[in-house]
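Novice: Just to be clear, the model below is a prediction. Sequence and coordinates:
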Amino acid sequence: MGAVVSCIKSVFRAIGNALTAIVNGIAGILMAIINSVASVFNIIISCLTCGRAGSRRQRMRTSTHTHGRTTRVV
């Protein structure tokens, strides 16, 4: 009798693991779709704003490299 109960437990555990794997697979697919849509919107916004919609750090970094020579303060 104990072997039958153990076998039934194993079957239910296997079914549960299979369902968990399916749910994780669907979640991974949905995350990939959402990330790709967000990337497309990021590209569109970047094109519409000529790349000026970056973070403050990016603007500061690009503005410091515009000078060809350093000027000496007297």
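Specialist: Yes, it's here.

Novice: Every contact and neighbour count from this point should use C-alpha atoms.
Specialist: Noted.

Novice: biggest helix in the chain by residues?
Specialist: helix 2-48 (DSSP state H).

Novice: That helix: how far from the chain's middle?
Specialist: 15 Å (Cα atoms, centre = their mean, to the nearest Å).

Novice: Now that helix: average pLDDT?
Specialist: Averaging pLDDT along helix 2-48 gives 94.

Novice: let's number from 146 now, not from 1
Specialist: In the new numbering, first residue 146, that becomes helix 147-193.

Novice: What is it packed up against?
Specialist: Judged by 3 or more Cα pairs under 8 Å, 6 or more residues apart in numbering; DSSP states H and E, helix 147-193 is in contact with no other helix or strand.

Novice: Output stretch 162-169 as CSV, nothing but the C-alphas.
Specialist: What follows is stretch 162-169, C-alpha atoms only, in CSV (Å, rounded to 0.1, in the frame of the first residue of the first chain):
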residue,chain,number,x,y,z
ASN,A,162,7.2,20.1,-12.2
ALA,A,163,6.0,20.0,-15.8
LEU,A,164,3.4,22.7,-15.2
THR,A,165,6.0,24.9,-13.5
ALA,A,166,8.3,24.5,-16.4
ILE,A,167,5.6,25.5,-18.9
VAL,A,168,4.7,28.5,-16.8
ASN,A,169,8.3,29.6,-16.6
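
Novice: Show residues contacting it.
Specialist: Residues from elsewhere that reach stretch 162-169 (Cα atoms under 8 Å, 6 or more residues apart in numbering): none.

Novice: What residues sit buried inside that stretch?
Specialist: Within stretch 162-169, no residue counts as buried by 16 or more other Cα atoms under 10 Å.
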